[in-house]
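Student: need the 3D shape of this:
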Amino acid sequence: MRTSTFLRAFGGALFLSVVITSCDDHKLSPNTYPLYAEASNPQVLSTAPNGTVLYNGGFGSALVRDLKDPSVFYLMTDRGPNAAGVAANSIIFGKTDFTPQIGKFRLVGNQLVLEQTILFKNAAGQLLNGLPNPSGQGSTGETAIDLNGNPIAPSADGIDSEGLVLAADGTFWVSDEYGPHIVHFDASGKTIERINPFGTGTGGRTLPKVLARRRPNRGMEGLTITPDGKTLVGLMQSPLYNPSSSAVSGSVVLRVVTFEIATGATKQYVYLMENASLTGCSEIAAITNTTFLALERDGDYGGNTAKPATFKRIYKFDLAGATDISDPANGDGGKLYSGSTVEQLKNMTGLTNAGIVPVKKTLVFDLLTDISPIYPHDKPEGLVLIGSNTLAISNDDDFGVLDNGQNSFTTKLLPATNKVDANRIYFVTLPTALR
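Tutor: Model (predicted):
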């Protein structure tokens, strides 16, 4: 392989731009990634009655790297193209039979080339969908409707996939925003085990009951695995509604959940968001068995002059020394402190008064100040640490559409480029090694 490599510094971080003149993809070095790579020309998924094109597309809600081939990345969709309906709590599904899926992409120059699609299936081999779950099985309280306004029945198999792990044996672990559920899939996408707080999974194992109080559509947004392959670590996107939305107003308390794969044993820790106005944490990535990266963000666009993004940052945090807040009784509200839930403690002062030590976090990278000329997207949602100091960051492009406020869709144009949002992976080389 022959490459021409250019290092450029922005905000203290080094960005690696590479022109590849010849390349054996299976021998691609982790240090020869471009500034970003894009999945261009996605297939058309469907077309709304008003003519808006919905693309497939939609990858970028999570990102993992192939364990053997550094030129291959797996990106995952969420539940499918959807938008808020006019009626309260109604959600329009642009393709009601959409199957959440993983795309296997190969990096070729600065392009991401889709080589394989892995569709999620239940234990019987039937295709899953992204529709909301029934009451008592992970319901978000949403009413699903199609493009004609007709109601769609909820689905026990529905999954709003958000966190992705590729295990050493080639199987996948996925977390979602509904239950939350953690689902173990084989390499073909067939369910091996489904785990949730309700005991309705396929393997009999459960998550702590308190997680069922997740804020609707702010469930287990991030999932990773420790380098020793023994423990899954999930990160809730926002403070749980524990015991209610009003009771936790202003809270910045998020939960980190560890799940020991062999035994099913869990622990919980507190991660503090920087402020309560944020959309929350979109991803978690392992550094060591106790240290991790968290992607914390707002919901606005970089380069938008009307409402510019102000917060998209990556932090390193450490579980060592943090308090395990697990409830031995596994109550619905989790462990209480003088009658209050952990979320009701709201901030560092409340935690300190209760004797709780949160995870220690330090800033690693700022997407808005350290990516040049601009980070144009609203939703960075995938994160991988390559080697000791290279980050790969993917964005959710929402299938190229947004809601139009009239029970349909409009094209998702990035304010900074006036182009339809597309899936990218940004590659960032940090000046300081993380491991």
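Student: from here on, just use CA atoms for contacts and neighbour counts.
Tutor: Fine.
Student: what residue ranges in the stretch 1-150 of the chain score low on pLDDT?
Tutor: 1-31 (pLDDT under 70).
Student: in it, which spans are strands?
Tutor: Along the stretch 1-150 of the chain, the segments classed as strands by DSSP state E, counting those that start in this stretch run 2-10, 13-22, 36-38, 43-47, 53-56, 62-65, 72-76, 82-84, 90-93, 101-108, 111-119, 143-145.
Student: and what of the stretch 251-400 of the chain?
Tutor: Using DSSP E, counting those that start in this stretch, strands in the stretch 251-400 of the chain cover 253-260, 266-272, 280-286, 291-297, 312-318, 360-366, 380-386, 390-395.
Student: tell me the most buried of the strands of the stretch 1-150 of the chain?
Tutor: The highest mean neighbour count among the strands of the stretch 1-150 of the chain, using mean count of other C-alpha atoms under 10 Å, belongs to strand 62-65: a mean of 27.
Student: what pairs with that one, and is each one parallel or antiparallel?
Tutor: Strand 62-65 has these partner strands in its sheet, going by DSSP bridges: strand 72-76 (antiparallel).
Student: what sits up against the partner strand?
Tutor: Applying C-alpha atoms under 8 Å, 6 or more residues apart in numbering, the contact partners of strand 72-76 are 58-66, 100-107, 161-162, 164.
Student: let's go with 7 Å and repeat that
Tutor: For strand 72-76, the external contacting residues (C-alpha atoms under 7 Å, 6 or more residues apart in numbering) are 59-66, 101-107.
Student: then stretch 182-193?
Tutor: Contacts for stretch 182-193 (C-alpha under 7 Å, 6+ apart): 118-123, 125, 170-176, 194-196, 201-203.
Student: any idea how far residue 103 lies from residue 423?
Tutor: Residue 103 sits at a distance of 11 Å from residue 423 (criterion: C-alpha to C-alpha, to the nearest Å).
Student: okay, now the unreliable bits of the stretch 201-350 of the chain?
Tutor: For the stretch 201-350 of the chain, no stretch is flagged by pLDDT under 70.
Student: hey, where'd the helices end up in it?
Tutor: Using DSSP state H, counting those that start in this stretch, the helices of the stretch 201-350 of the chain run over residues 342-345, 348-354.
Student: on that earlier part again, tell me which of the strands of the stretch 1-150 of the chain lies nearest to residue 413.
Tutor: strand 53-56 (12.3 Å; C-alpha to C-alpha).
Student: partner strands of that closest one, with direction?
Tutor: In its sheet, and by DSSP bridges, strand 53-56 pairs with strand 43-47 (antiparallel).
Student: just the residues contacting the strand it pairs with, thanks.
Tutor: 53-56, 95.
Student: list just the nearest of the residues you listed to residue 357.
Tutor: Proximity of the contacts of strand 43-47 to residue 357 (C-alpha to C-alpha) peaks at residue 56, which lies at 43.1 Å.
Student: my guess is the closest one contacts residue 398. True?
Tutor: No. Contact criterion C-alpha atoms under 7 Å: residue 56 and residue 398 do not qualify, at 9.3 Å.
Student: hang on, the earlier thing: and among the helices of the stretch 201-350 of the chain, the most buried is which?
Tutor: Comparing the helices of the stretch 201-350 of the chain by mean neighbour count (mean count of other C-alpha under 10 Å), helix 342-345 comes out on top with a mean of 26.
Student: that one: how far from the chain's middle?
Tutor: 24 Å (C-alpha atoms, centre = their mean, to the nearest Å).
Student: show residues contacting it.
Tutor: 239-240, 242, 247-248, 251, 253, 336, 351.
Student: and the nearest residue to residue 190 once chain neighbours are set aside, what does it touch?
Tutor: Leaving aside its chain neighbours, residue 190 sits nearest to residue 121 (4.6 Å; criterion: C-alpha to C-alpha, 6 or more residues apart in numbering). By C-alpha under 7 Å, 6+ apart, residue 121 lies in contact with 127-128, 189-191.
Student: what about residue 169, how many residues nearby?
Tutor: 10 (other C-alpha atoms under 10 Å).
Student: again, but for residue 278
Tutor: Residue 278 has 19 neighbouring residues, counting by other C-alpha under 10 Å.
Student: who's in contact with it?
Tutor: Residue 278 touches 297-298, counting by C-alpha under 7 Å, 6+ apart.
Student: residue 314 versus that one, what's the distance?
Tutor: 13 Å.
Student: and what of residue 99?
Tutor: From residue 99 to residue 314 the distance is 30 Å (C-alpha to C-alpha).
Student: hmm, residue 71 and residue 106 touching each other?
Tutor: Yes. In terms of C-alpha under 7 Å, residue 106 counts as a neighbour of residue 71; the distance is 5.6 Å.
Student: who are the contact partners of residue 376?
Tutor: 301-303, 414, 416.
Student: and the closest residue to it other than its chain neighbours, how many neighbours?
Tutor: Distances taken as C-alpha to C-alpha, 6+ apart place residue 302 nearest to residue 376, at 4.3 Å, with adjacent residues excluded. Counted with other C-alpha under 10 Å, the neighbours of residue 302 add up to 23.
Student: how about the contacts made by residue 302?
Tutor: Contact partners of residue 302, counting by C-alpha under 7 Å, 6+ apart, are 308-309, 368, 374-378, 416.
Student: dihedrals phi and psi, it?
Tutor: Phi and psi for residue 302, reported as degrees, to the nearest 10, are phi -70, psi 140.
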